[in-house]
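Chemist: need the 3D shape of this:
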Amino acid sequence: MVIAALISVGSVLAGCSTSSTSSGTTTTPSVTQGKPVPSSGCKKPVAASVTDQRNELTVADTTRWYLLTTPAPSTPSATSPKGTTPIPRPVVVDFHGLSEGATLHSVTAQFGQLGQKDGFIAVYPNGTGTPVQWDVSPTQTPNPDIEFVQALLTSLESNYCVDISRVYASGLSDGAFMVSLLACEMSTRFAAIGAVAGLQLPNPCHPSRKVPLISFHGTQDPILYFNGGIGYGVLNKALGANYSAGDSAPTTTTLPPDLTGKGVPATVQAWAVKDGCSRKFTDKKISSEVIQRTYSCPPNVDIVFYIVLGGGHSWPGSAFSKSVSGVTGFTTFQIKATETMWTFFQRFQLPLKTTP
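Modeler: Numbers count the residues shown, from 1 in each chain. As a prediction, this is how the structure comes out:
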């Protein structure tokens, strides 16, 4: 499953290249102005807020679970007109990394705390296996994790007041692999995706719509190298495993990163092309540790890539990521992935019609 996917991703990242820079970005409003599309759960009594509530689902005779955090019923949402009762809530579904699990990842990303402040629902699904992981094979049919996500969304929309036009997916590492697959397989359910330390372009990938995408990756990531390859030495140390006798490429500390070369930069560019954007990009150094790369894209789609100079295999702005820097490397606090993704997500909405 994920180990095979890591090998595949390492090969893909190592085999791509990019082109020169240019100016131009989209001008999508900061918050979409389209009316919310209420789910069937909006007809039910509004429940009190919950924090990291564990919910279970049976999918294909297997019990799966996820953590749920909801805002207080009175908490406003920037995407719903004032006076709307109940408020159809946007949803962020956030996927954990390999061996991390939903509980630990909720501490890493903290979308739940932000959702309770900004009025959206945060969901942390849990994978399967030992170590816990996601089935990210694009050729697995049926894919049990895709079925789990579909069932999870259906359950949420039936039991809670959800704006089904504003459902988003984010993930770290193996979770970033998972949201990359969701962009291909469930593009009509997720309005935009965010990937930290693990964006990929699955093959095959046939989305039904162009998917807006925001990504973060450190130039000194010791596990998924910026310019392609996998740091099996660090991966084995983190997991207490032995997936390979050695690294698949020179360690990132021995070579300066190529910001416009193979690996992650090429993968982001490939997504830009897939979304109908220009191959060329604009780089802006927004702080001493962060470069923002943007592309000129069609209306209602955007590709944004944050390059963390010296960054490791970590979630930018996460205190927990910093606490495990001995394994994952440097965590920047000059940008916060959670808040930055949520700002990006709010610009996009699925083209769904409201019920009369």
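Chemist: residue 192 against residue 210, yeah?
Modeler: No. Counting by C-beta atoms under 8 Å, residue 210 is not a contact partner of residue 192; they are 10.5 Å apart. Quick note: C-beta positions are derived from backbone N, CA and C, even for glycine.
Chemist: from the contact counts, what lies against the lengthiest strand in the chain?
Modeler: The single longest strand within the chain, with elements called by DSSP state E, is strand 162-172. On a contact count with 3 or more C-beta pairs under 8 Å, 6 or more residues apart in numbering; DSSP states H and E, strand 162-172 meets strand 89-95, helix 101-109, helix 144-159, helix 174-185, strand 192-196, helix 337-345.
Chemist: which helices and strands sit right next to the fifth one?
Modeler: Contact here means 3+ C-beta pairs under 8 Å, 6+ apart; on that basis strand 192-196 packs against strand 162-172, helix 174-185, strand 213-218, helix 337-345.
Chemist: just the helices in this structure please.
Modeler: Counting by DSSP state H, the segments of the chain that form helices are 2-14, 101-109, 111-118, 144-159, 174-185, 232-239, 264-274, 319-323, 325-328, 337-345.
Chemist: need those in CSV (columns: mean neighbour count).
Modeler: Converted to CSV, the helices of the chain look like this (neighbours: other C-beta atoms under 10 Å):
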stretch, mean neighbour count
helix 2-14, 19
helix 101-109, 21
helix 111-118, 20
helix 144-159, 19
helix 174-185, 27
helix 232-239, 18
helix 264-274, 23
helix 319-323, 17
helix 325-328, 15
helix 337-345, 22
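Chemist: between the ones you listed, which gets nearest to residue 290?
Modeler: helix 337-345 (9.8 Å; C-beta to C-beta).
Chemist: distance between the closest one and the chain's centre?
Modeler: With C-alpha atoms, centre = their mean, to the nearest Å as the basis, helix 337-345 stands 10 Å off its chain's centre.
Chemist: let's see that helix as PDB, backbone CA atoms only.
Modeler: Extracted C-alpha coordinates of helix 337-345, given in PDB (Å, rounded to 0.1, in the frame of the first residue of the first chain):
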ATOM      1  CA  ALA A 337      -0.300  25.900   7.200                       C
ATOM      2  CA  THR A 338      -3.700  25.500   8.900                       C
ATOM      3  CA  GLU A 339      -4.700  29.200   8.800                       C
ATOM      4  CA  THR A 340      -3.200  29.600   5.300                       C
ATOM      5  CA  MET A 341      -5.100  26.600   3.900                       C
ATOM      6  CA  TRP A 342      -8.400  27.800   5.500                       C
ATOM      7  CA  THR A 343      -8.000  31.200   3.900                       C
ATOM      8  CA  PHE A 344      -7.300  29.600   0.500                       C
ATOM      9  CA  PHE A 345     -10.200  27.100   0.900                       C
END
